[in-house]
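K.L.:
Fold the stuff below for me.
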Amino acid sequence: MRVALLGFGLIGGSIARALRRDAGDWRIAAWSPSGAGPLLARSDKVVDEASPSPADAVRGADLVVLAGPPLACLELIDDLADELAEALGRDAVVTDVASTKEAIGRRADAAGLRFVGGHPMAGRELSGYGAAAAELFDRRPWVVVPGALARPGDRDRVEALAAACGASPIEMSAAEHDAAVAAISHLPLVVAAALVEAVAGSGDGRDRPDWPAAAGLAAGGWEGMTRLARGDEEMGAGIIATNGPAIAGRLRDLRSALDGWLRELERDGGPDAVAVAARLAAARRRLEKQG
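P.N.:
A predicted model of the protein is given here:
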């Protein structure tokens, strides 16, 4: 199968490395705006073709993978329906690997594409082809969301891609997917950024007066809680811009939980240690049950 990767950062590069590891007959073309990642991957023998343009990449492709941030995927969908339409084969299936599905799926349906949305549930706070790893998707879910114009067998190509990358395909609706990832991925991103703003200082460039003292004591807890805020801001902005209502709903849920903690912390006579321990134990049990 000939696969065209449009966008070649962490996820696109990891797909290419995983396919090269697989025993199947994969022919891989890659394009990115800078061209640097595909050229390096070709020299590494990870891709067969470092395409000079999106048209060169998609020409003859059985599967086109939109591997950029969500807003870039929307632009590429418009291009595939317009200036790239001649290069895109009539039998080509288009998929993506973005973290949101409803907005991208609607755009692909409106563009008349044979589209099957995808989202590998894996990532790192690092970005770029240099951070790519063949094992990134191993034993991870890969959400598959068939579009309105997908034909019988189109989903099979995307599921074959996911399986070749070591992932487990799972079909969901776009709305179900976006609600779920708003809770377990997008809300943590916003919370991590808000935590930095609350503790270190906001975007005006001025530190909170007590931040230097706190920073000097920061260790694993701070690093773990702020990990997502260290990621690619373009990717994060695209996620939030294309899943705003679902994230807002989860933020309201968090605000309600925080209000409960505030009532406990401001209780007359101080927090009730027994009640606090019970809340912490309940949270731990939920996490253990998940595992």
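K.L.:
Can you measure across stretch 259-274, start residue to end residue?
P.N.:
19 Å (CA to CA, to the nearest Å).
K.L.:
er, stretch 97-106 I mean
P.N.:
Stretch 97-106 end-to-end distance (CA to CA) = 15 Å.
K.L.:
which other residues reach that stretch?
P.N.:
For stretch 97-106, contacts defined as CB atoms under 8 Å, 6 or more residues apart in numbering pick out 11-12, 15, 65-70, 73-74, 77, 96, 115, 117-120, 143, 145, 147, 174-175, 177-178, 181, 185-186, 235, 238-239, 242-243. Using the backbone N, CA and C atoms, a C-beta is placed for each residue, glycine as well.
K.L.:
Just the buried ones out of the residues you listed, please.
P.N.:
11-12, 15, 65-70, 73-74, 77, 96, 115, 117-120, 143, 145, 147, 174, 177-178, 181, 185-186, 235, 238-239, 242-243 (16 or more other CB atoms under 10 Å).
K.L.:
Tell me what the closest residue to residue 163 other than its chain neighbours is bridged to.
P.N.:
Excluding the flanking residues, the one nearest residue 163 by CB to CB, 6 or more residues apart in numbering is residue 169, at 6.6 Å. Under DSSP bridges, the beta-bridge partners of residue 169 are residue 142.
K.L.:
In contact with residue 169: list those residues for me.
P.N.:
Contacts of residue 169 by CB under 8 Å, 6+ apart are 141-144, 158-159, 162-163.
K.L.:
With residue 146 instead?
P.N.:
116-117, 154-155, 171.
K.L.:
from the contacts of residue 169, which single one is nearest residue 275?
P.N.:
residue 141 (36.2 Å; CB to CB).
K.L.:
how close does the closest one sit to residue 166?
P.N.:
12 Å (CB to CB, to the nearest Å).
K.L.:
Could you do residue 277 as well?
P.N.:
For residue 277, the distance to residue 166 - CB to CB - is 41 Å.
K.L.:
Looking at those two, which is more packed in?
P.N.:
A count of neighbours by other CB atoms under 10 Å puts residue 166 above the other of residue 277 and residue 166, at 19 against 10.
K.L.:
Quick check: pLDDT value at the nearest residue to that one once chain neighbours are set aside.
P.N.:
Leaving aside its chain neighbours, residue 166 sits nearest to residue 138 (3.9 Å; criterion: CB to CB, 6+ apart). Looking at residue 138, its pLDDT is 98.
K.L.:
same question, residue 8
P.N.:
Residue 8 is given a pLDDT of 97.
K.L.:
At which residues are the strands of the protein located?
P.N.:
Secondary structure of the chain (DSSP state E): strands at 2-6, 27-31, 49-50, 63-66, 93-96, 116-120, 141-146, 168-171.
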